[in-house]
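*Asks:* Below: sequence and its predicted model.
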Amino acid sequence: MRADSALTGQTAVVTGVCGRLGQVWTKALLRAGADVLGLDLREPEGPVAKELSACGDEESRRFVFHRADVTDRAGLRDALGHCLDVLDAPTVLVNNAGIDQPPSAESGSWTFENVPDERSAAVLDVNAAGVLRTCQVFGSDMAGRGRGSVINIGSMYGTVAPDPRFYDHIELTPPFLKPPAYGMSKAGVAALTRYLAVLWGPSGVRVNTLAPGGVLGGQDAAFREKFAARVPMGRMAEEEDLTGPLLFLASDMSRYVTGTELTVDGGFVCW
């Protein structure tokens, strides 16, 4: 099966489409032949819009945006109706929407005991409960039709703890602390994946987690150096490292794979 035609005739839904990885998943799905409904709180504009249209005219015509919030189940139902009206019944769902906190002096910091409840609640509501809601709406529709692949975007931090030494060069008082709710949420996503794989297996819907490691982006040089030294392959992930695993899970190339967590981290969790 050719990767550039593996999803021809299928309809994919990507949540958090305006986020950095949302754009990566969307472009990969379009290039593999799928029509894509992108969901986000904000409409694509500026560099984001340019990225989402970078596949070419034909691919751009197969991309449809719809404003939706993963914390609002009624809005997700409206998005499903829009998908059915303008594209077709969804066969691929990429649960990508999420909240994270980048390691920088501008992002603020707290000691563990003082992390505000509202910040933890927001992370859990979007990253974990948001995936649950979206699966309830779109995944249940797939199960009712007897076909589909759900890909929940997790993280290696659902399996291992962040290393505080990655951030000790950042001048903050108190020192930068990766939000504890982030790893909680991603571990919950992996548990939901297994639950739904059992529930929907007889209905022809596969459910898997794709868990990236650190992805090269806007990190400072010291962080990149320390992180890469901790990875057996000696570098952070690049966008191209993620698209193959996504298309594998989305397509019939993985037709007997469900309930698993595919970690794409260069070997980070090996030691």
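*Replies:* Nice, I can see it.

*Asks:* Give me the neighbour count for the nearest residue to Gly213 once chain neighbours are set aside.
*Replies:* The shortest distance from Gly213 to any non-neighbouring residue, by C-beta to C-beta, 6 or more residues apart in numbering, is to Asp265 (2.8 Å). Quick note: C-beta positions are derived from backbone N, CA and C, even for glycine. Asp265 sits with 22 neighbouring residues when counted by other C-beta atoms under 10 Å.

*Asks:* same deal with the one 5 residues further on?
*Replies:* Other residues within reach of Cys270, judged by other C-beta under 10 Å, total 9.

*Asks:* what's the closest non-adjacent residue to it?
*Replies:* Excluding its sequence neighbours, the residue lying closest to Cys270 (C-beta to C-beta, 6+ apart) is Pro232, at 6.1 Å.

*Asks:* and that neighbour, what is it in contact with?
*Replies:* 266-268, 270-271 (C-beta atoms under 8 Å, 6 or more residues apart in numbering).

*Asks:* where does the nearest residue to Gly16 once chain neighbours are set aside fall, phi/psi-wise?
*Replies:* In space, and not counting its chain neighbours, Gly16 is closest to Ala97: 3.2 Å by C-beta to C-beta, 6+ apart. Backbone torsions of Ala97, given as degrees, to the nearest 10, read phi -60, psi 130.

*Asks:* From what I see, Ala97 and Val126 are in contact.
*Replies:* Yes. Counting by C-beta atoms under 8 Å, Ala97 does reach Val126; the two are 6.1 Å apart.

*Asks:* Could you name every residue contacting both of the two?
*Replies:* By C-beta under 8 Å, 6+ apart, Ala97 and Val126 have these common neighbours: Val70.

*Asks:* Which one's more surrounded, the two?
*Replies:* Set Ala97 next to Val126 and count neighbours by other C-beta under 10 Å: Ala97 wins out with 25 against 21.

*Asks:* got the residue ranges for the helices in this protein?
*Replies:* Secondary structure of the chain (DSSP state H): helices at 20-31, 46-52, 57-61, 73-86, 117-124, 130-134, 140-145, 180-200, 221-229, 239-250.

*Asks:* Reformat those helices into CSV and put mean neighbour count next to each item.
*Replies:* Output for those, formatted as CSV (neighbours: other C-beta atoms under 10 Å):
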stretch, mean neighbour count
helix 20-31, 23
helix 46-52, 14
helix 57-61, 12
helix 73-86, 16
helix 117-124, 14
helix 130-134, 24
helix 140-145, 18
helix 180-200, 20
helix 221-229, 14
helix 239-250, 19
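
*Asks:* right, and these - which one's nearest Asp163?
*Replies:* Taking C-beta to C-beta, helix 221-229 is the member of those nearest to Asp163, at 8.2 Å.

*Asks:* could you dump stretch 80-99 to PDB, C-alpha only?
*Replies:* In PDB, the C-alpha atoms belonging to stretch 80-99 read as follows (Å, rounded to 0.1, in the frame of the first residue of the first chain):
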ATOM      1  CA  LEU A  80     -20.100  15.900  13.400                       C
ATOM      2  CA  GLY A  81     -23.200  17.100  11.600                       C
ATOM      3  CA  HIS A  82     -21.100  19.500   9.600                       C
ATOM      4  CA  CYS A  83     -18.700  16.700   8.700                       C
ATOM      5  CA  LEU A  84     -21.600  14.600   7.400                       C
ATOM      6  CA  ASP A  85     -23.000  17.500   5.400                       C
ATOM      7  CA  VAL A  86     -19.900  18.700   3.700                       C
ATOM      8  CA  LEU A  87     -17.600  15.700   3.600                       C
ATOM      9  CA  ASP A  88     -18.700  12.200   4.600                       C
ATOM     10  CA  ALA A  89     -18.900  10.000   7.600                       C
ATOM     11  CA  PRO A  90     -15.600  10.100   9.500                       C
ATOM     12  CA  THR A  91     -13.400   7.000   9.300                       C
ATOM     13  CA  VAL A  92     -10.300   8.500  11.100                       C
ATOM     14  CA  LEU A  93     -10.200  10.500  14.300                       C
ATOM     15  CA  VAL A  94      -7.000  12.200  15.500                       C
ATOM     16  CA  ASN A  95      -7.500  13.400  19.100                       C
ATOM     17  CA  ASN A  96      -4.800  16.100  19.100                       C
ATOM     18  CA  ALA A  97      -6.200  19.000  21.100                       C
ATOM     19  CA  GLY A  98      -4.200  19.600  24.200                       C
ATOM     20  CA  ILE A  99      -2.700  22.100  26.700                       C
END
